[in-house]
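K.L.:
Can you look at this prediction? I've put the sequence above it.
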Number of protein chains: 2
Amino acid sequence: MKTTAKPIENLINQLNKLPGIGSKTAQRLAYFIIDMKESEVKNLSESIIDAKLNVKECSICSNFTDEDPCKICSSSKRDNSIICVMEYPKDVEAMERTRCYNGLYHVLHGTISPQKGVGPNDLKIRELLKRLEDDSVKEIIIATNPTVEGDTTALYISKITVPLGIKTTRIAYGIPVGGDLEYYDEITISTALNNRRELK
Amino acid sequence: MKTTAKPIENLINQLNKLPGIGSKTAQRLAYFIIDMKESEVKNLSESIIDAKLNVKECSICSNFTDEDPCKICSSSKRDNSIICVMEYPKDVEAMERTRCYNGLYHVLHGTISPQKGVGPNDLKIRELLKRLEDDSVKEIIIATNPTVEGDTTALYISKITVPLGIKTTRIAYGIPVGGDLEYYDEITISTALNNRRELK
C-alpha cells in the first residue's frame, strides 16, 4: 500500500535530485524537516529561492555576487595588476581562505572539454581577454585544476596572453603540504619531481 | 576578505543545520542549487514548505499524513483487529515496504527516555490506549527498536495491555537475514540465542 503522504514523497523526490543525496538520505532529511519549527523551515525554503534569484555573475570577473561589480572587483584594496583565473566560484572561496592573495579573480565557469562539448566560447575567456585591453594587468595566474581539461584550458589561455606580453603563470602542483609520498599516485609524484625547485 | 555573496552564505548556513550536512557538503549543495534551473529551485523550495505545512499527524494513529484519517486508518482492506506500535513515521514506511503486514499502526513519536526527559505522557500512548476501548483490537505488536529506550517503552505498554486481555507481542530481534555471526556484537548474538526457536 502506498502510504507515504504526497507532500513527503514530493519532498523526498526533490531532495533526491541533489548531488550526494541518495534516497535514504533524502528520506531522513525530509522527516527531519517536518520535525523542524515552522519558522526554521520557512528560512530554509526562502534561503534556497533567494540564493537562486539574487545571486548573479559579476559583470567584470563572472564570480557569483549579489552586488555588481562584486566586492573584490570594486575594492580599492586589491591589487588590480594581477588576475587569478579560476574554474568555478567555489575555487575563489578556497583561494580567499588562504589569505595569501590580494589580486583580482576571473571565473571561467568550467574548462575546455571536447568530450562534454565545452569549447572556449562557452567559457568566460572572451571576458578575460577584454579585461587585458587597458594594460593595467601585468600578470595572469592560471589556477585551473591539474586535470586534462584544466591543463588544456591553461594552455589555451597562455597561447593568447603570452604573445600579448602579459606574464602568465600557473600555480604549482605536487605533493600537498603534510602529505606522504607513499600515498600519492605516480602522476602526482612525477609532477612534483618535474616541478622541483633548487634549494639555495 | 569576506567575499561570498550574502544569499549564498545564508543558504550554506541553512543547509548546514540539516543532519549529516557538514559545511563542505552545504557549500557544494548551495553552488549546485545556484546552477539549477529556476523552475527546479522553485519546486525544491516549495516542496520544503509544503511538506511542513500540509503534513499533519493522523488523529487516530499519529502517523504523518496529508488527509485525516490517514490512508491506512481509513482503508477497508486493512485488518483492524491488529495494531503495530512504531517509534516514528519512517518506521511505518519500513514496515510497509515488506508488504507482509496488513493491520493498522500506531506511531508513538519517540520512546520513553528518562535521560532525554521523555516520559509516557510525551508519547502517543494515551491515544493508543483509547483505541483499545472498543474491543475490536485483538493483538498489539510492539515494534520499537531493540535499545534500552525501545525495551523500556515496550515493557511499559505491555504492562498496561496484557492485563486488559489483549495479546501483546514484540517483533523478533536477532541476526539479520544474510548476516554473518562473525560480524555481530555479543548482545545481538546473545539476543538471537535467547530468542531461539524450536525446529519441528
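P.N.:
Done, it's in.
K.L.:
And stretch A:171-185, how far out from the chain middle?
P.N.:
Relative to the chain's own centre, stretch A:171-185 is displaced by 21 Å; criterion: C-alpha atoms, centre = their mean, to the nearest Å.
K.L.:
Now tell me which helix or strand of chain A has the poorest mean pLDDT.
P.N.:
helix A:186-194 (a mean of 80; mean pLDDT, DSSP states H and E).
K.L.:
What's the local residue count around the spatially closest residue to A:Gly150 that is not a sequence neighbour?
P.N.:
Counting by C-beta to C-beta, 6 or more residues apart in numbering or on different chains, A:Gly150 lies nearest to A:Thr144, which is 3.6 Å off, once chain neighbours are set aside. Placement of C-beta: from N, CA and C, glycine included. By the measure other C-beta atoms under 10 Å in any protein chain shown, the count of residues near A:Thr144 is 25.
K.L.:
Kindly report the same for A:Pro89.
P.N.:
26.
K.L.:
Now do the contacts for the nearest residue to it once chain neighbours are set aside.
P.N.:
Distances taken as C-beta to C-beta, 6+ apart place A:Phe64 nearest to A:Pro89, at 4.4 Å, with adjacent residues excluded. Neighbouring residues of A:Phe64 by C-beta atoms under 8 Å, 6 or more residues apart in numbering or on different chains: A:55-58, A:89, B:5, B:8, B:31, B:34.
K.L.:
which of the residues you listed lies closest to A:Glu133?
P.N.:
Among these, A:Cys58 lies closest to A:Glu133 (C-beta to C-beta), at 17.7 Å.
K.L.:
can you count the residues close to the spatially closest residue to the closest one that is not a sequence neighbour?
P.N.:
Of all residues not flanking A:Cys58 in the chain, A:Cys70 sits nearest, at 3.9 Å (C-beta to C-beta, 6+ apart). By the criterion of other C-beta under 10 Å, A:Cys70 has 26 neighbours.
K.L.:
isn't the residue nearest to A:Gly150 right up against A:Tyr156?
P.N.:
No: with contact defined as C-beta atoms under 8 Å, A:Thr144 and A:Tyr156 do not form a contacting pair (10.0 Å).
K.L.:
which strand in chain A runs the most residues?
P.N.:
strand A:79-86 (DSSP state E).
K.L.:
Please identify the buried residues of that one?
P.N.:
A:82-86 (16 or more other C-beta atoms under 10 Å in any protein chain shown).
K.L.:
Let's have those residues in a markdown table, adding pLDDT.
P.N.:
As requested, the buried residues of strand A:79-86 are exported to a markdown table (pLDDT from 0 to 100):
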| residue | pLDDT |
| --- | --- |
| A:Ile82 | 94 |
| A:Ile83 | 95 |
| A:Cys84 | 93 |
| A:Val85 | 94 |
| A:Met86 | 93 |
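K.L.:
quick one: low-confidence ranges for chain A?
P.N.:
A:1-2, A:198-200 (pLDDT under 70).
K.L.:
what's the domain layout of it?
P.N.:
Listed by automatic domain parsing, the domain ranges of chain A are A:6-54, A:75-198.
K.L.:
Serialize those to a markdown table and add fields for distance to B:Lys138.
P.N.:
Formatted as a markdown table, the domains of chain A follow (distance: least, C-beta to C-beta, whole Å):
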| stretch | distance to B:Lys138 |
| --- | --- |
| domain A:6-54 | 31 |
| domain A:75-198 | 59 |
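K.L.:
Pick the most deeply packed of those domains.
P.N.:
Across the domains of chain A, the average number of neighbours (mean count of other C-beta atoms under 10 Å in any protein chain shown) peaks for domain A:6-54, which reaches a mean of 18.
K.L.:
Briefly note if it comes near chain B.
P.N.:
Yes: Domain A:6-54 reaches chain B (C-beta under 8 Å from any C-beta of the partner chain) through A:6-8, A:10-11, A:13-15, A:17-21, A:25, A:27-34, A:36, A:38, A:40-54.
K.L.:
Dump the helix or strand where A:Ile12 lies to PDB, restricted to CA.
P.N.:
In the assignment (DSSP states H and E), A:Ile12 maps to helix A:6-16. Provided in PDB are the C-alpha atoms of helix A:6-16 (Å, rounded to 0.1, in the frame of the first residue of the first chain):
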ATOM      1  CA  LYS A   6       2.100  13.100  -1.000                       C
ATOM      2  CA  PRO A   7       3.900  16.200   0.300                       C
ATOM      3  CA  ILE A   8       6.500  14.000   2.000                       C
ATOM      4  CA  GLU A   9       7.000  11.900  -1.100                       C
ATOM      5  CA  ASN A  10       7.400  15.000  -3.200                       C
ATOM      6  CA  LEU A  11       9.900  16.500  -0.800                       C
ATOM      7  CA  ILE A  12      11.900  13.200  -0.800                       C
ATOM      8  CA  ASN A  13      11.900  13.200  -4.600                       C
ATOM      9  CA  GLN A  14      13.100  16.900  -4.800                       C
ATOM     10  CA  LEU A  15      15.900  16.300  -2.200                       C
ATOM     11  CA  ASN A  16      16.900  13.100  -4.000                       C
END
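K.L.:
Against which helices or strands is it packed?
P.N.:
Where contact means 3 or more C-beta pairs under 8 Å, 6 or more residues apart in numbering or on different chains; DSSP states H and E, helix A:6-16 is packed against helix A:23-35, helix B:38-54.
K.L.:
what element comes up after the longest one heading to the C-terminus?
P.N.:
Next helix or strand after helix B:38-54 toward the C-terminus (DSSP H and E): strand B:56-57.
K.L.:
Quick check: neighbours of the helix or strand following that next one in the sheet, parallel or antiparallel?
P.N.:
Where DSSP H and E defines the elements, the next helix or strand beyond strand B:56-57 is strand B:64-65. Take DSSP bridges as the rule and strand B:64-65 pairs in its sheet with strand B:56-57 (antiparallel).
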